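Trainee: sequence unknown, structure follows:
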């Protein structure tokens, strides 16, 4: 069952997150995004200022527009292993993993984070822009499973990212955050929030950080979430600042992370997107190899039959954008296309992700067609900025 923020619906027909009030008070420039009113930037900082702040301090990202799922029941593992290539036997309780929802042809319907709470109890987060498609897909797949309970819910989802994230969040909990590593999750008490908060150590920006799922099903819970967010901003202005969608995109791009609708689409398999590592060895051979599109995906892995791979580009001048064509160094042969690109505040030049002929070598010079002109670029390995995820 899909529950929405009806109390936060705006006159424009867009949906407001529980933190909307704070964004407006802080001077957030609100824009339509996936059916929500979201801050793209704040008056106090430029895009570059916001980006660099996260790399050196703490950025607060409202990601409440993402859709949260609870999946439980005796057949929940079989169900998830049918629609994704994950092996949940390899996932310890209270840990999470990136995965992808797959159509029957092995194309990516959406990327997702799956968390295992118990053997038959899972928590999943999917993208805002795919919510209707994802729910329809899941409901259709559930017709083949009798013992699975699936519901979606919405609350405050707050990402706290940056090298000082642990020091900041530790001020609000007695839980020893130094013992929770990247990919691990836990239910914790977080002052001054009365409800239990689901914490996941994550890093979509490439920096260390956390994602907090804060219950917001009634006015009191919403007010507590708002107070917590405002406290972070008001009491620790030298450490924490709210960050909008603009910097979130450039940060993930530097970190070599995929974005649905750019690097991932229904016509692209995980192998073609250079995400073969999402298919563990146990799903490639043995008795547990059946998942949506498995025959095509496993054939691509075994026979190395893909023609292109996802890789990075660096350049100067105008920034590459999605759809720009890529040519060989002499400009005569088209060898790929840009999936997303931007100026890189961390590197001082442009970075882009692209699908390029897999025979092209890292370090090779290429041309990108931008605004009707061929411009110099170089094939570069990903990520552009080394991740600083908190691992043992």
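Mentor: Thanks, I have it. This one's a predicted model, so the numbers in the text were calculated from it and none came from an experiment. Numbering: from 1, shown residues only.
Trainee: need the three-state assignment for the residue lying closest to residue 271 once chain neighbours are set aside.
Mentor: Nearest residue to residue 271, sequence neighbours excluded (CB to CB, 6 or more residues apart in numbering): residue 300, at 4.2 Å. In this view, the C-beta of every residue, glycine as well, is placed from N, C-alpha and C. Secondary structure assignment for residue 300 (DSSP: H, G, I helix; E, B strand; the rest coil): helix.
Trainee: return the residues in contact with residue 300.
Mentor: Taking CB atoms under 8 Å, 6 or more residues apart in numbering, we find residue 300 in contact with 269, 271-272, 306.
Trainee: narrow the residues you listed to those in strands?
Mentor: Using DSSP state E, no member of those falls within strands.
Trainee: distance of the residue nearest to residue 271 from residue 104?
Mentor: Distance from residue 300 to residue 104, counting by CB to CB, to the nearest Å: 15 Å.
Trainee: ditto for residue 14
Mentor: Taken as CB to CB, the span from residue 14 to residue 104 is 33 Å.
Trainee: neighbour count winner among those two?
Mentor: Just comparing residue 14 and residue 104: by other CB atoms under 10 Å the higher neighbour count belongs to residue 14, 18 against 9.
Trainee: hang on, that one packs against residue 32?
Mentor: Yes: between residue 14 and residue 32 a contact is recorded at 5.7 Å, counting by CB atoms under 8 Å.
Trainee: can I take it that residue 249 is in a strand?
Mentor: No: Residue 249: not assigned to a strand; according to three-state DSSP it is helix.
Trainee: ok, it to residue 169 distance?
Mentor: 24 Å.
Trainee: between those two, point out the one with more neighbours.
Mentor: residue 169 (21 against 18).
Trainee: who's in contact with that one?
Mentor: So residue 169 contacts 160, 177, 210 (CB under 8 Å, 6+ apart).
Trainee: and for residue 166?
Mentor: So, once contact is read as CB under 8 Å, 6+ apart, residue 166 ends up touching 177-178, 208, 210, 390.
Trainee: now, these that are in strands?
Mentor: Using DSSP E, these in strands are residue 210.
Trainee: what's the closest of the contacts of residue 166 to residue 141?
Mentor: residue 210 (30.8 Å; CB to CB).
Trainee: now for that closest one: which residues touch it?
Mentor: Contacts of residue 210 by CB under 8 Å, 6+ apart are 159-160, 165-166, 169, 177, 199-202.
Trainee: repeat for residue 94
Mentor: Here residue 94 is in contact with 115-117, 184-186 (criterion: CB under 8 Å, 6+ apart).
Trainee: neighbours around residue 205, how many?
Mentor: For residue 205, using other CB under 10 Å, the count is 28.
Trainee: that one contacts residue 256, correct?
Mentor: No: with contacts counted by CB under 8 Å, residue 205 stays clear of residue 256, the gap being 11.3 Å.
Trainee: what pLDDT is listed against residue 134?
Mentor: We have a pLDDT of 98 for residue 134.
Trainee: got it, and residue 118?
Mentor: On the pLDDT scale, residue 118 gets 97.
Trainee: need the contact list for it.
Mentor: residue 93.
Trainee: gap between it and residue 92?
Mentor: 11 Å.
Trainee: may I ask you to name the longest helix in this structure?
Mentor: Identified as the longest helix of the chain according to DSSP state H is helix 219-235.
Trainee: many thanks, have a good one.
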